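> With the input below, show me the fold.
(chains A and B)
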Amino acid sequence: MTSYSSLLALIPLLPLFSAIILLFSKLPKLGVSILAVGSVASVALISLFLNFIFWQQSDFVLTASLGTWINIAQLKISFGLYLDPLSLVMITIISGVGALIHLYSTGFMYQDSDFKRYFTYLNLFISAMLFLVLADNLLLLYLGWEGVGLCSYLLIGFWYQDRSNNLAANKAFLMTRIGDTAMAIGLFLLFTQLGTLDIQEIQIKAHSVWSLTNDNNNNTMASLCCLLLLGGAVGKSAQLPLQNWLPDAMAGPTPVSALIHAATMVTAGIYLLARNSQLFQLAPDVLYLVALIGTFTLLLGASAAMVQSDLKRILAYSTISQLGYMFLALGVGAGASAVFHLMTHAFFKALLFLSAGALIYSLHHEHNIFKMGGLLKKLPVVAVSFAIGCAALASLPFTSGFYSKELILEQVVASGHTGLWWAAILGAFITAFYSARLFFVVFLGQTQLSPNTTPTKSMSLVLVILSVFSLFGGIHPEGLKTLLPQLTSEKLSTLQHWLPIILPFIAISFAWWMFKTKRFGKPVSSSLMQGIHQLLKSGWAFDYIYQTIFVSPFNYLCQLNKRDFIDLFYRLIEKTSCKLHRAFSQFQNGQLRSYNASLIIFCILAFAWFIGGELIL
Amino acid sequence: MIPISWILFLSLSLFTIGIFGVLARRNLLFVLISLELMLNAVVIVFIAASRYHSASMANSDGQIMYLLVLALAASEIAVGLSLVIHMYRQHHHLDIDKLNKLRD
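This is a model prediction of the structure:
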């Protein structure tokens, strides 16, 4: 077992060392590619090997320690790694998809002058993410959590010469920071209440402490802790109140969008909730809130994706929507299906983003889908992989997305929330509709722009691999039950069984009809419809609301307090001493005669006073 | 014997002239001369006082004081004159109204 432990320790350290070497060395582009891709690829191989070893056993835990971090009286935090089925799935996704995206980036970013900086950030990101999912205590998890936040900031603002990119990076950083702060407070609260930050201990202690003290199911303190952790997850996974940083985060290079904002980083919130699922069971109200947040977010994301015209924004909103499905699954207590959907989503969303990246690469950085069209014959590899990605997103039968989404819907039925099920079905309909719209508008119809370059070989290779995963990645989810507890599925009614299967086809035919009659991309006639269109396009106007509620009053207050009224007192001291200085420095004029005169006058006065005193006495 | 009031009057006149010179003259050399004048005015009083008292008490403190003041005046003028010469070499004039570079 010890040899496996050292293998486990290598997993997060390899990309970290690679990032450090890249930071301080001057390698040529080939060397950078080999080092960066090689480190992540070897991590992928290690995790595949661990998969191979461990999936034969039903239940396994592997730990490793990289040393002690903090050791004072009651607080012992170590750099401990903890591998169980859940984190094994996560590291496989992260390193696998990460390695493919690294390989793709060597082609995509080859022309960029900051090649080395890009790969440094990317490796650092992978390392932080691996620390996040392998951490055995919440503080180390938080370290990884902040690490991925930092890398996300750096990569969104990668092309820093453009001011709008910096603003997008700031927005992403600040929005997630709100959630992170909530999570940090949650950690403090958990530590004061339970006296430990070790994740496994927390699960056990929480049950003994909070179940005993309170006989009814809802413990306030447990709910509070869960709410604060949920805050962090909501921020990182772009859920409802804090979701609007994600569409702007598309300012970064496209492979980054694929890696961070679709496949891995945004799933950190899902992982956090899944990891602490036993803790969350103590707070059923919070779990229901999770399900509600997920449902609203998936509807918001899907409806906003329906009217966007920017290729990457459509994908960003669809990510928000799919993350909503995972939250819904977590909320109804089906953590395993959430993680399963996380995995399939990582495959097909990475595929979609990477083929979108290939499109953008070939079309002079054109993002508007209505300027594309008829690209099916020009870029066949990209078109086919994009079609597979769209099919998986729309959850057409026998793609990976189908299995995972079916499972989630089934679990929602099993939990008995019929309303949520109908909302999820509506979301699925819209999802299929916009994926079909996206594919039709970009690849069919008249040619408008012709590609000037074709994707490089490494890019095409990655697209093919990911296409295979997107098609077949969802089959055979048998190990799922060992992952997390699932709900026992009841018998589904005919409607519940067939509706999710048929619905995507209806949506696609509807989209086909709209496309044939050329209704996409045209301004709608009535003003009401136009209003709705605008509302949806701005993502339910959340930016505007936050601008009005938070940013504008803050700016106003800042404007009001421009001269900082607390400083007034100190400025008064400064001004008084300045004035006194001016007044006294009048005497020091360099005129010797006036010095003499004042000396004599003083002497005369002193004598007069003295003599006067003598006389009176 | 000359009444002491005359000498006191002489001393006062010399001292006043000295003060006037210190205040009114702009040439540094003349300021120094005026300072010497003031010292001498004081010294005259010392000598007169010594003479006034010595008839009855044989006290020569005033004359000793005169020697002290003379030494002081000599050393002062030695330093002062060397400064004045140096200043003249630097500025080619001795106008103290213009020699005000040391103010803030």
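> alpha carbons only for contacts and neighbour counts from here, please
OK.
> where are the low-confidence patches of the chain?
I went with chain A, as the question did not name one. Low-confidence segments of chain A (pLDDT under 70): A:1-2, A:58-59, A:211-218, A:474-492, A:521-525, A:617.
> other chain: chain B
Filtered on pLDDT under 70, chain B yields the residue ranges B:54-58, B:103-104.
> which parts of stretch A:203-211 are buried?
Across stretch A:203-211, burial judged by 16 or more other CA atoms under 10 Å in any protein chain shown covers A:Q203, A:K205, A:A206, A:H207, A:W210, A:S211.
> residues contacting B:L99?
When contacts are counted by CA atoms under 8 Å, 6 or more residues apart in numbering or on different chains, B:L99 touches A:G590, A:Q591.
> Just confirm it is within a strand.
No: residue state for B:L99 (DSSP: H, G, I helix; E, B strand; the rest coil) corresponds to coil; a strand is not indicated.
> just checking: which of the buried residues of stretch A:203-211 also lie near chain B?
Contacts with chain B within the buried residues of stretch A:203-211, counted by CA under 8 Å from any CA of the partner chain: none were found.
> I'd like to know which of these is nearest to A:Y271.
A:Q203 (14.9 Å; CA to CA).
> Next, count neighbours for A:L190.
For A:L190, the count of nearby residues is 23 (other CA atoms under 10 Å in any protein chain shown).
> pretty sure it belongs to a helix, no?
Yes: secondary structure of A:L190 (three-state DSSP): part of a helix.
> which ones are touching it?
Counted by CA under 8 Å, 6+ apart, A:L190 has contacts A:T196, A:L197, A:C225.
> Any buried residues in stretch A:351-364, and which?
Across stretch A:351-364, burial judged by 16+ other CA under 10 Å covers A:351-363.
> and if you look at stretch A:156-166?
A:I156, A:G157, A:F158, A:W159, A:N165, A:N166.
> list the contacts for the fourth one?
It stands for A:W159. By CA under 8 Å, 6+ apart, the residues touching A:W159 are A:N165, A:G252.
> Helix, strand, or coil at it?
Assigned with three-state DSSP, A:W159 falls in the coil class.
> I'd like the distance between A:F191 and A:S65.
Distance of A:F191 to A:S65, given as CA to CA, to the nearest Å: 21 Å.
> In space, what's closest to A:L227 - neighbours in sequence excluded?
If the residues on either side of it in the chain are set aside, A:L227 comes closest to A:V286, at 6.4 Å by CA to CA, 6 or more residues apart in numbering or on different chains.
> what's the nearest residue to the residue in chain B that chain A sits nearest to if we skip its chain neighbours?
Nearest residue of chain B to chain A (CA to the nearest CA) works out as B:N100 at 4.2 Å. Sequence neighbours aside, A:G590 is the residue nearest to B:N100 in space, at 4.2 Å (criterion: CA to CA, 6+ apart).
> The one you found: neighbour count?
18.
> And the contacts of whatever helix or strand B:L23 lives in?
If you go by DSSP states H and E, B:L23 is part of helix B:4-24. With contact meaning CA under 8 Å, 6+ apart, helix B:4-24 is reached by A:593-594, A:596-597, B:30-32, B:34-39, B:41-42, B:44-45, B:48-49, B:52.
> Just the buried subset of the residues you listed, written out for PyMOL, thanks.
Applying 16+ other CA under 10 Å to the contacts of helix B:4-24, the buried members can be selected in PyMOL as follows:
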select buried, (chain A and resi 593+594+597) or (chain B and resi 30+31+32+34+35+36+37+38+39+41+42+44+45+48+49+52)
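> Okay, and which of the contacts of helix B:4-24 map to strands?
Secondary structure assignment by DSSP state E places none of the contacts of helix B:4-24 in strands.
> Same question for stretch B:14-34: list its buried residues.
Under the neighbour-count criterion of 16+ other CA under 10 Å, stretch B:14-34 has B:14-19, B:21-23, B:25-26, B:28-32, B:34 buried.
> Tell me which residue in the stretch 351-500 of chain A sits closest to chain B.
Closest point on the stretch 351-500 of chain A to chain B, by CA to the nearest CA, is A:H365, at 64.9 Å.
> same check, this time on chain A
A:G590 (4.2 Å).
> which SS state does that residue fall under?
coil.
> residue contacts, it?
Taking CA under 8 Å, 6+ apart, we find A:G590 in contact with B:D97, B:L99, B:N100, B:K101, B:L102, B:R103.
> Now do the phi/psi pair for it.
phi 80, psi 0 (degrees, to the nearest 10).
> if I look at it, how far off is B:K101?
Taking CA to CA, one finds A:G590 at 7 Å from B:K101.
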